[in-house]
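A.B. asks: What would the 3D arrangement of this be:
(one chain, ligands or ions: 1)
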Amino acid sequence: MAKSNLYKGLVERYRDRLPVDGNTPVISLCEGDTPLIELHNLPKSLGLDVQMYVKFDGMNPTSSFKDRGMAMAVTKAAEKGAKAIVCASTGNTSAAAAAYAARAGMTAFVLIPEGKIPMGKLAQAIAHGAVVLQIRGNFDDGMRLVKEVASEAPVEIVNSVNPYRLQGQKTAALEIVEALGQAPDYHCIPVGNAGNISAYWIGFSEAAGCNTASCTLCNGKCPYLDNPMTESRPVMVGYQAAGAAPFLRNEPVEHPETLATAIRIGNPQSWDLAKAAVEESDGWFDEVTDEELLHTQSLLATLDGVFCEPASAVSVCGAIRDIKSGKIKAGSVVTCTLTGHGLKDTATAIAGREHVETINADLTSVKGAILKHV
Ligand code: AN7
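C.D. replies: Residues are numbered from 1 along each chain as shown. Got it, this is the predicted structure:
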């Protein structure tokens, strides 16, 4: 048989950069290899003098970036012979955990905050057969319980406190460097539990052959020092929703609130790693309001045809503001992660908008409606 060119997912793709060997049973749904889309109309219509790209990680198998980390975490759980995994989640982690557990023949237990995850994400967890435990509490309560229960029951934690999650997620940064042929000048990213910004920093650092304290597996001694893919690392900019912005307050937020439910998190687990990423890169954290992020979600969808979920839009939302103010310098290459797909949460996307006209089923009415708009 001819050699197959089938893409087999990021663990195979980056096997030499991930903690796997020939005996590791790789669990994959062909995650990764997501598009890096250059925005044309949005920067033009806002008069932004930068090259702006979005890494659309909503184009993963369960429609969020979580698949990258989950592929690696479930692969390592399978290697250990685990039968069950557990996570707390604002929705996307639970969807990914449910799907990868199904693929691995494991049971997924997911703890979600009651009434605070969108139907798309809940449907995924149910569809893939996870045991869905809705708790009377928020994500941070769930996270605490997951850590406690994992020491008393035979389950592997697959939240990003599991270092294999970050190893899987670093591959997004590697893909960006490969696609651009260099590192971007700035990388903008939504921050909730703060795993992803930490993972990108590991990836960008590895790509540039630099040490970073954030790389928890190589303990600050990068094995790729002699083999860099690019010369520089980007400035890392982390954006949070204003009602759930512990990095701006410099302390946990007890009652986080935002319409961007994915990042409704007050006590980020990767606090130190995310801080280090921002400090080492001369970057910063900032916050955007719900109104601003929903407006940006709509701009992306209507101007450039990219439909991301509300939490994802905070990266582009913050970037727009910082480009306008000159904090992000004119002429820069700016990449923004869009962490999840808009179809995850359709209710929030269309709330309060005049989106449908009802007309009679005759030619006059259809023609009249069209002529009104052109
Ligand atoms: C769309 O699913 O924490 O800063 O439990 O779903 O790495 O936490 C989701 C997080 C951004 C924040 N965008 O990433 C969960 C969960 C979307 C997300 C984030 C999340 P981290």
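
A.B. asks: and residue 34, that's in a helix?
C.D. replies: No. Secondary structure of residue 34 (DSSP: H, G, I helix; E, B strand; the rest coil): coil, not part of a helix.

A.B. asks: With residue 368 as the reference, measure out to it.
C.D. replies: Separation of residue 34 from residue 368 (C-beta to C-beta, to the nearest Å) stands at 42 Å. From N, CA and C alone the C-beta is placed, and that goes for glycine too.

A.B. asks: Neighbour count: those two, which is higher?
C.D. replies: Here residue 34 and residue 368 are compared on neighbour count by other C-beta atoms under 10 Å; more neighbours surround residue 34, at 24 against 12.

A.B. asks: Using CSV, list the CA coordinates for the helix or strand where residue 276 lies.
C.D. replies: Under the criterion DSSP states H and E, the helix or strand holding residue 276 is helix 271-280. Output in CSV follows, covering the C-alpha atoms of helix 271-280 (Å, rounded to 0.1, in the frame of the first residue of the first chain):
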residue,chain,number,x,y,z
TRP,A,271,-1.5,31.8,38.1
ASP,A,272,2.3,31.7,38.4
LEU,A,273,2.9,30.3,35.0
ALA,A,274,0.7,33.0,33.3
LYS,A,275,2.3,35.7,35.3
ALA,A,276,5.7,34.5,34.3
ALA,A,277,4.7,34.3,30.6
VAL,A,278,3.6,37.9,30.7
GLU,A,279,6.6,39.1,32.6
GLU,A,280,9.2,37.2,30.6
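
A.B. asks: which strands and helices sit next to it?
C.D. replies: If contacts are counted by 3 or more C-beta pairs under 8 Å, 6 or more residues apart in numbering; DSSP states H and E, helix 271-280 sits against helix 195-207, strand 235-241, helix 246-249.

A.B. asks: Would you reformat these as CSV and include mean neighbour count?
C.D. replies: Output for the helices and strands packed on helix 271-280, formatted as CSV (neighbours: other C-beta atoms under 10 Å):
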stretch, mean neighbour count
helix 195-207, 29
strand 235-241, 27
helix 246-249, 18
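
A.B. asks: need those in JSON lines with distance to residue 165 and mean pLDDT, can you?
C.D. replies: Output for the helices and strands packed on helix 271-280, formatted as JSON lines (distance: least, C-beta to C-beta, whole Å; pLDDT from 0 to 100):
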{"stretch": "helix 195-207", "distance to residue 165": "6", "mean pLDDT": "95"}
{"stretch": "strand 235-241", "distance to residue 165": "17", "mean pLDDT": "98"}
{"stretch": "helix 246-249", "distance to residue 165": "20", "mean pLDDT": "98"}
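
A.B. asks: could those go into TSV alongside distance to residue 135?
C.D. replies: Output for the helices and strands packed on helix 271-280, formatted as TSV (distance: least, C-beta to C-beta, whole Å):
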stretch	distance to residue 135
helix 195-207	20
strand 235-241	21
helix 246-249	20
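
A.B. asks: Of these, which is nearest residue 76?
C.D. replies: Of all the helices and strands packed on helix 271-280, helix 195-207 sits nearest to residue 76, with 15.1 Å by C-beta to C-beta.

A.B. asks: List the contacts of residue 199.
C.D. replies: 69, 160, 165, 166, 167, 168, 169, 170, 172, 173 (C-beta atoms under 8 Å, 6 or more residues apart in numbering).

A.B. asks: Please repeat the previous calculation with a cut-off of 7 Å.
C.D. replies: 166, 169, 170 (C-beta atoms under 7 Å, 6 or more residues apart in numbering).

A.B. asks: just the residues you listed now: which is nearest the ligand?
C.D. replies: Comparing those against the ligand with C-beta to the nearest ligand atom places residue 169 closest, at 7.5 Å.

A.B. asks: Quick check: residue 134 is in a helix.
C.D. replies: No. Per three-state DSSP, residue 134 lies outside any helix segment and is strand.

A.B. asks: is it true that it touches residue 111?
C.D. replies: No. The criterion here is C-beta atoms under 7 Å, and residue 134 misses it with residue 111 at 8.0 Å.

A.B. asks: So which of the two has more stuff around it?
C.D. replies: residue 111 (24 against 15).

A.B. asks: which residues does the nearest residue to residue 205 once chain neighbours are set aside contact?
C.D. replies: Nearest residue to residue 205 in three dimensions, chain neighbours excluded: residue 212, at 4.0 Å (C-beta to C-beta, 6 or more residues apart in numbering). Applying C-beta under 7 Å, 6+ apart to residue 212 gives the contacts 201, 202, 205, 220, 280.

A.B. asks: Which two among those are spaced furthest apart?
C.D. replies: Using C-beta to C-beta for every pair in these, the one that comes out farthest apart is 201 and 220, at 12.4 Å.

A.B. asks: Quickly note the distance from the nearest residue to residue 57 once chain neighbours are set aside to residue 340.
C.D. replies: Nearest residue to residue 57, sequence neighbours excluded (C-beta to C-beta, 6+ apart): residue 65, at 3.8 Å. Note on residue 65: its distance to residue 340, by C-beta to C-beta, is 7 Å.

A.B. asks: Residue 269 touches residue 163, doesn't it?
C.D. replies: No. With contact defined as C-beta under 7 Å, residue 269 does not reach residue 163; the gap is 11.5 Å.
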